[in-house]
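Peer 1: What follows is a predicted structure for the sequence shown.
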Amino acid sequence: MIIQLKKNTNIKVVEQMTSELKAFHILKDGNDLLITGSGLKEIPDSLQDHVHDQWVFNSDMQLSSKAFNSNKAEIDLGTIKIGGKTNNVALIGGPCSVESKDQIRSAALLLNDLKLSVLRGGCYKPRTSPYSFQGMGKEGLLLLAQMREEFGLKIISEVRDATQINDVIDYTDIIQVGAKAMYDQGILRACSKTNKPILIKRGFGTTLQEFVQAAEFVLSGGNENVILCERGIRTFETGTRFTLDLCGVAWLQEKCNLPVILDPSHAMGYSYAIPSLSKACVAMGVDGLLIEMHPDPRNAKSDASQQLTHAEFENLLTVLGPVAKSVGYNLI
Ligand code: PEP
Ligand code: MN
């Protein structure tokens with residue numbers, strides 16, 4: 001249940017109610033909100049006097065639900081905005097992993113030439129094997145920060161575990177919580193205590209309900225800047241790396257008030273399909289795309305088969321422009 005308290009409720013009363021209801025307390029648009037589990041259907045009589053409004057739910061998709069707030073959240077990155085009423089589709093590009101200054105700078109140069117704004121690059125890679133390249137760590141974050149300085153780009157990079165969360169928060173503009181990390185509540189809780197945007201990727205065995213509940217961990221801790229990212233789920237199919245769940249995207253667009261970004265690169269696992277899948281995603285009116293590209297994909301240290309060449313990425317922008325326009329969106 002979400003309970004909106006009357007304006008100017010005494011802080012002592014707010015604290016007492018929070019404790020009595022075992023609730024989360026957040027301030028949203030100047031209003032005190034208490035959030036309890038969806039099991040609570042009625043407010044005790046003794047507390048009724050302080051209540052301005054209330055929302056009862058049949059699942060723990062609460063702050064993120066359109067039933068609570070039908071306006072899609074707007075993520076303000078300063079130079080650009082994502083979600084809300086913007087009709088922007090942010091084309092986020094960059095390599096799977098930051099590998100060297102030359103490599104990440106070439107991606108930054110390309111985005112800059114194409115007038116795109118957000119550079120991705122992983123520094124703490126959640127690899128399936130301990131013997132694979134694990135990422136450049138903090139050195140990589142420093143290179144990304146240099147790209148922000150030089151080109152004014154916004155930076156998104158992933159956190160693998162709670163030991164790097166503070167560095168990732170400090171050096172990036174959007175914190176990516178990866179498909180494997182999204183169940184780590186230490187990470188989610190730390191992300192709830194910053195105001196920076198958090199992009200949560202759907203785990204490949206994660207139901208939509210579990211996905212939005214991961215977002216609720218961040219929202220209920222007070223950070224409203226959450227973006228959801230569909231990146232493919234595991235099905236019986238082995239011809240593609242994962243299966244891009246566009247039905248799930250439609251479900252999120254219908255029921256959830258958070259911006260949705262799609263990652264066809266990880267879903268497909270092969271670069272040949274990225275242009276056609278990207279067109280399908282943009283045609284659905286999504287808020288952004290996360291696309292992996294590399295100056296020399298075949299020699300990439302991670303996810304070699306799915307990364308576009310820089311020429312292919314540039315071509316993708318040309319192909320997507322008219323599709324975005326046809327559904328009333330602008331590529332940014
Ligand atoms: C990535 O973005 O490079 C990545 C590892 O993604 P995911 O967490 O979706 O596998
Ligand atoms: Mn990758």
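Peer 2: On my side now, so go ahead. Ligands and ions are numbered 1, 2, ... in the order given.
Peer 1: Quick check, central residue of this structure?
Peer 2: Centroid-nearest residue in the chain: residue 199, 1.8 Å away (criterion: CA atoms, centre = their mean).
Peer 1: could you check whether the helix or strand where it lies is close to ligand 1?
Peer 2: Residue 199 is part of strand 198-201 when elements are defined by DSSP states H and E. Yes. Strand 198-201 lies within reach of ligand 1 by CB under 6 Å from any ligand atom, at residue 201. To be clear about C-beta, it is placed using only N, CA and C from the backbone, and glycine gets the same treatment.
Peer 1: which strands and helices sit next to that strand?
Peer 2: Judged by 3 or more CB pairs under 8 Å, 6 or more residues apart in numbering; DSSP states H and E, strand 198-201 is in contact with strand 174-177, helix 208-220, strand 226-230.
Peer 1: Which pLDDT value goes with residue 166?
Peer 2: On pLDDT, residue 166 comes in at 95.
Peer 1: Can you give me the distance of it to ligand 1?
Peer 2: 20 Å (CB to the nearest ligand atom, to the nearest Å).
Peer 1: hang on, the earlier thing: adding distance to ligand 2 and mean pLDDT as columns, could you present the helices and strands packed on strand 198-201 in TSV?
Peer 2: Formatted as TSV, the helices and strands packed on strand 198-201 follow (distance: least, CB to the ion, whole Å; pLDDT from 0 to 100):
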stretch	distance to ligand 2	mean pLDDT
strand 174-177	10	98
helix 208-220	19	98
strand 226-230	12	98
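Peer 1: do you know which of these lies nearest ligand 1?
Peer 2: Judged by CB to the nearest ligand atom, the one of the helices and strands packed on strand 198-201 that comes nearest to ligand 1 is strand 174-177, at 6.5 Å.
Peer 1: Return the set of buried residues in the closest one.
Peer 2: Within strand 174-177, the residues scored as buried using 16 or more other CB atoms under 10 Å are 174, 175, 176, 177.
Peer 1: quick one, what contacts the last one?
Peer 2: Right, residue 177. Taking CB atoms under 8 Å, 6 or more residues apart in numbering, we find residue 177 in contact with 158, 159, 184, 187, 188, 191, 198, 199, 200, 201, 214.
Peer 1: before we move on, what about the third one?
Peer 2: Taking CB under 8 Å, 6+ apart as the criterion, residue 176 is in contact with 120, 122, 156, 157, 158, 159, 199, 201, 229.
Peer 1: Between the two ends of stretch 6-25, how far is it?
Peer 2: 14 Å (CA to CA, to the nearest Å).
Peer 1: mind listing what's buried in that stretch?
Peer 2: Buried, per 16+ other CB under 10 Å, within stretch 6-25: 9, 14, 17, 18, 21, 23, 24, 25.
Peer 1: On the three-state scheme, the second one is what?
Peer 2: What it means is residue 14. Recorded secondary structure, residue 14: helix (DSSP: H, G, I helix; E, B strand; the rest coil).
Peer 1: so which strand or helix has the closest residue to it other than its chain neighbours?
Peer 2: In this structure, residue 14 finds its nearest non-sequential neighbour in residue 32, 5.4 Å apart by CB to CB, 6 or more residues apart in numbering. If you go by DSSP H and E, residue 32 is part of strand 31-35.
Peer 1: residues making contact with the helix or strand just after that strand?
Peer 2: Following strand 31-35 in sequence order, the next helix or strand is strand 51-55 (DSSP H and E). Residues from elsewhere that reach strand 51-55 (CB under 8 Å, 6+ apart): 1, 2, 3, 4, 5, 6, 7, 31, 43, 62, 67, 68.
Peer 1: Secondary structure for the residues you listed - can I get that in JSON lines?
Peer 2: What follows is the contacts of strand 51-55, written out as JSON lines (three-state DSSP):
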{"residue": "1", "secondary structure": "coil"}
{"residue": "2", "secondary structure": "strand"}
{"residue": "3", "secondary structure": "strand"}
{"residue": "4", "secondary structure": "strand"}
{"residue": "5", "secondary structure": "strand"}
{"residue": "6", "secondary structure": "coil"}
{"residue": "7", "secondary structure": "coil"}
{"residue": "31", "secondary structure": "strand"}
{"residue": "43", "secondary structure": "coil"}
{"residue": "62", "secondary structure": "coil"}
{"residue": "67", "secondary structure": "coil"}
{"residue": "68", "secondary structure": "coil"}
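Peer 1: quick one, helices of the stretch 151-300 of the chain?
Peer 2: Along the stretch 151-300 of the chain, counting by DSSP state H, counting those that start in this stretch, helices occupy 165-171, 185-192, 208-220, 246-255, 264-268, 274-283.
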